[in-house]
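Participant: Build me a structure from this.
(6 chains)
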Protein chains: 4
Amino acid sequence: MTTDRRTAILDAAERLFAESGFDATSTARVAAEAGAPKGLVFYYFPRKIDLLLALLDERLPAHDPAEAATVAELGDPAGSLVRLDRLLGLGEHSSLTLRTIVFRESGTHPEVARRLLALRSGLVALTEAVLDLTVGVVLDPELRSQAAHTFVAVMLDRASTGRAGGPAPDAAGPARLVSLAVQAAH
Amino acid sequence: MTTDRRTAILDAAERLFAESGFDATSTARVAAEAGAPKGLVFYYFPRKIDLLLALLDERLPAHDPAEAATVAELGDPAGSLVRLDRLLGLGEHSSLTLRTIVFRESGTHPEVARRLLALRSGLVALTEAVLDLTVGVVLDPELRSQAAHTFVAVMLDRASTGRAGGPAPDAAGPARLVSLAVQAAH
Amino acid sequence: MTTDRRTAILDAAERLFAESGFDATSTARVAAEAGAPKGLVFYYFPRKIDLLLALLDERLPAHDPAEAATVAELGDPAGSLVRLDRLLGLGEHSSLTLRTIVFRESGTHPEVARRLLALRSGLVALTEAVLDLTVGVVLDPELRSQAAHTFVAVMLDRASTGRAGGPAPDAAGPARLVSLAVQAAH
Amino acid sequence: MTTDRRTAILDAAERLFAESGFDATSTARVAAEAGAPKGLVFYYFPRKIDLLLALLDERLPAHDPAEAATVAELGDPAGSLVRLDRLLGLGEHSSLTLRTIVFRESGTHPEVARRLLALRSGLVALTEAVLDLTVGVVLDPELRSQAAHTFVAVMLDRASTGRAGGPAPDAAGPARLVSLAVQAAH
DNA sequence: TATGAATGAGTTTTCATTCAT
DNA sequence: TATGAATGAAAACTCATTCAT
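Facilitator: Sure, this is the predicted structure:
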């Protein structure tokens, strides 16, 4: 299936960027790892940053608030949030490495930063939808927003922790916490 | 006070590393920004990475669990957490930039990763101490840990969000949420 | 009428070579500007230099001394020279850009240099013919040659001046000067 | 005297740029020709174009209208103009090559174009001064300007002609012509 | 303790040209 | 007659690091 050379290059880039970071990975190494000549990398991706942008556009899934219904179960916010996390695969390796890159480069490349912001707000909206479907009552919008932001922050924060070599925390803890808080407010 | 050339170099490095990342900042630029000759940078910091390590060792404050007492107020977990955040200056610019660096480079440099882990666990311990002093009852250790991890994750996550150009969230939201959750569990 | 792809390619090359120079214009850019696929450029013009050569052969008009009669008016050398300039369109944009190219590349490509020389001597012959038809008397051959060379040099020099952003001088000044000189010598 | 490495690099650049043109000369070749490592070229001249700019600033002599007095002789405009040409060394090889470059690159690099314009207007002013000192009468300003522009245009035009392999015309022809014209007008 | 010229390996990027289809 | 993916040599430029002074 590696007939598609463009795909092979993206595969190599994803792997190497995640391993060593964007700046520390040379385009020459990407080419070598992909078994492609150096020139071909620039044939498909005129600037090095286009390699990263293509990765984000083509491999970071966009999140649709409608997905909320597939995981939400009335009366079980904690379980629903855990299922949401699993559905999105936020804890999976491929997604993690990609997000690691996004974090790291967002400070340097505005186009990357924009995508990080979009990713986050999509996740927050999705989380709010899940909360709405799980808690019986109508939630105070502010509390709902705080809860969603908190949950998402913890989920995304795992990219940093994972990289640092610590234990990769699962979603259960924050899910339980958010659930408790939301239910406590009636 | 900038008679100290070594300090001037570290100041410049801190600023530039936070702005553009470690890899993308040349030692020449650090020297220029510090108003020092290029040779002097290598006189004080034989390898480039030593600049970063010195920054972390000398400018990332260690957190002492004893500080908990100075902000905790029985019966007001939310307010106490907000005060804790302010005490540590986690939202302040200088601290944020330094943490931005740590985040970004922890994937690439093991020595940096180690420090990130240490920073995080120090903060978690401190947060747990605050919770103990604020909630009247003895908390379930697991819940307490989850609450502390969640709060810390959100606090640290601000470094990413800030960088990405989004609104820098304050500590009030997560503090309220954690407070609600912890009190809900009696 | 641009069904003719070859013509479209030459049009694009002419424009781009004049704007940015031969070396600084890539064949890919020529193809893009012409709306043609890259391969087609090399189908018609096997080497890049063939593009330039074709331009010179097909678009640099050769000058026939017989044209002198159409502009010369006995007793009015100055006016005749101005009309000559207009006839040849030396001040016109398309001619100017082409000559700009010839100037620039003649140092680098011998084949181009040869054509510049031919262009110049054709113009000098034409100018001499005009002078002969305008001045009543038989001119000293040396003076006539000097006058013609001077007029042509100024005309051609406009390509440089124009490019440099200065005011594009018209033909009236040098025409008057040459006329004065030639008539002064009886 | 080639202890000065910077000078050696400039020497090499001047020679090669004149020979092959700016674009066609690689910085690597400049370094090799100068016997310097590639990096040193960029140490002194951060961008390739800076090499050219330094050449123009340091090696193209500025012309002072006061120099007019040293060549002008009342009653001998033609001879004075020839002496002016010799004084300025406009026909000399080193000056010619440098001006060749200026011509060629002025279309592409605005900073170079600016210098070409300045060079030309300096020469025109100088030529006008010479005419004033040589012709006994007060010249019509317009005629004087036309005469000066014409003389300068021919002088500068030699750079093109010389490059193209033709005979390098001397200053005598145009000097005589200008002289005749100016004197004819009383 | 200070300095800045020097070095060369390495980086991103460009591009004319080829060639199978 | 047309096409566009493929190639690799070479370009400009960067930079950590060394070292004589």
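Participant: Counting by contacts, list what the helix or strand bottoming out on mean pLDDT in chain A packs against.
Facilitator: Between all helices and strands in chain A, the lowest mean by mean pLDDT, DSSP states H and E belongs to helix A:93-106, at a mean of 72. Packing contacts for helix A:93-106, counted by 3 or more Cβ pairs under 8 Å, 6 or more residues apart in numbering or on different chains; DSSP states H and E, involve helix A:5-20, helix A:48-59, helix A:110-134, helix A:141-164, helix B:93-106, helix B:141-163. To be clear about C-beta, it is placed using only N, CA and C from the backbone, and glycine gets the same treatment.
Participant: okay, and for chain A, where does confidence drop off?
Facilitator: A:1-3, A:90-94, A:96, A:159-169, A:186 (pLDDT under 70).
Participant: okay, the helices and strands packed on helix A:93-106 in TSV with distance to D:Arg114 next?
Facilitator: Below are these laid out as TSV (distance: least, Cβ to Cβ, whole Å):
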stretch	distance to D:Arg114
helix A:5-20	43
helix A:48-59	34
helix A:110-134	33
helix A:141-164	51
helix B:93-106	41
helix B:141-163	41
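Participant: dump the residue contacts of A:Val154.
Facilitator: Neighbouring residues of A:Val154 by Cβ atoms under 8 Å, 6 or more residues apart in numbering or on different chains: A:Pro169, A:Pro174, B:His149, B:Thr150, B:Ala153, B:Val154, B:Asp157.
Participant: go again using 7 Å as the cut-off
Facilitator: Counting by Cβ atoms under 7 Å, 6 or more residues apart in numbering or on different chains, A:Val154 touches A:Pro174, B:Thr150, B:Ala153, B:Val154.
Participant: how much space between it and DNA strand E?
Facilitator: Per Cβ to the nearest atom of the strand, to the nearest Å, A:Val154 is found 33 Å from DNA strand E.
Participant: So for the least confident helix or strand of chain A, what gets flagged as buried?
Facilitator: A:Ser95, A:Leu96, A:Thr97, A:Leu98, A:Arg99, A:Thr100, A:Ile101, A:Val102, A:Phe103, A:Arg104, A:Glu105, A:Ser106 (16 or more other Cβ atoms under 10 Å in any protein chain shown).
Participant: Pick out whichever of those sits closest to D:Asp85.
Facilitator: A:Glu105 (60.5 Å; Cβ to Cβ).
Participant: how is chain A carved up into domains?
Facilitator: Following automatic domain parsing, chain A resolves into domains at A:5-52, A:60-184.
Participant: Out of the ones you listed, which gets nearest to C:Ser145?
Facilitator: Per Cβ to Cβ, nearest to C:Ser145 of the domains of chain A: domain A:5-52, 54.6 Å.
Participant: Look through chain A and state the residue closest to DNA strand F.
Facilitator: A:Gly39 (2.1 Å; Cβ to the nearest atom of the strand).
Participant: Helix or strand: which one has that residue?
Facilitator: Following DSSP states H and E, one finds A:Gly39 within helix A:38-44.
Participant: what helices or strands is that helix leaning on?
Facilitator: Secondary-structure packing of helix A:38-44 (3 or more Cβ pairs under 7 Å, 6 or more residues apart in numbering or on different chains; DSSP states H and E): helix A:5-20, helix A:27-34.
Participant: Please work out which of those helices is packed deepest.
Facilitator: Neighbour counts (mean count of other Cβ atoms under 10 Å in any protein chain shown) averaged over each of the helices and strands packed on helix A:38-44 peak at helix A:5-20, with a mean of 19.
Participant: what about that one, near DNA strand E?
Facilitator: No: Helix A:5-20 is not in contact with DNA strand E by Cβ under 7 Å from any atom of the strand; minimum separation 10.3 Å.
Participant: Just name whatever secondary elements that helix is in contact with.
Facilitator: By 3+ Cβ pairs under 7 Å, 6+ apart, helix A:5-20 packs against helix A:27-34, helix A:38-44, helix A:48-59, helix A:93-106.
Participant: Please name the spatially closest residue to A:Thr134 (chain neighbours excluded).
Facilitator: Excluding the flanking residues, the one nearest A:Thr134 by Cβ to Cβ, 6 or more residues apart in numbering or on different chains is A:Pro77, at 4.2 Å.
Participant: burial measure for the one you found, as a count.
Facilitator: Neighbours of A:Pro77 under the rule other Cβ atoms under 10 Å in any protein chain shown: 25.
Participant: do A:Val138 as well
Facilitator: A:Val138, neighbours per other Cβ under 10 Å, totals 8.
Participant: so what does the helix or strand hosting A:Ala175 touch, helix or strand wise?
Facilitator: Using DSSP H and E, A:Ala175 sits within helix A:172-184. Applying 3+ Cβ pairs under 7 Å, 6+ apart, we find helix A:172-184 packed against helix A:77-88, helix A:141-164, helix B:141-163, helix B:172-184.
Participant: before we move on, the earlier item: out of the buried residues of helix A:93-106, the closest to DNA strand E would be?
Facilitator: Closest to DNA strand E, out of all of these and judged by Cβ to the nearest atom of the strand, is A:Glu105, at 12.8 Å.
Participant: Could you measure from the nearest residue to that closest one once chain neighbours are set aside over to B:Ala118?
Facilitator: Spatial nearest neighbour of A:Glu105, chain neighbours left out: A:Val112 (4.6 Å); criterion: Cβ to Cβ, 6+ apart. Remark: distance between A:Val112 and B:Ala118 (Cβ to Cβ, to the nearest Å) = 28 Å.
Participant: More neighbours: which of these two?
Facilitator: A side-by-side neighbour count of A:Val112 and B:Ala118, using other Cβ under 10 Å, places A:Val112 first with 22 against 15.
Participant: Which residue lies nearest the spatial centre of chain A?
Facilitator: Among the residues of chain A, A:Arg99 comes closest to the average C-alpha position under Cα atoms, centre = their mean, at 5.0 Å.
Participant: still on that earlier bit, and of the helices and strands packed on helix A:172-184, who's closest to A:Ala12?
Facilitator: helix A:141-164 (19.8 Å).
Participant: check contacts around A:Ala172.
Facilitator: Here A:Ala172 is in contact with A:Val82 (criterion: Cβ under 7 Å, 6+ apart).
Participant: Relative to B:Leu143, how far out is it?
Facilitator: In terms of Cβ to Cβ, A:Ala172 sits 12 Å off from B:Leu143.
Participant: who touches both of these two?
Facilitator: By Cβ under 7 Å, 6+ apart, no residue touches both A:Ala172 and B:Leu143.
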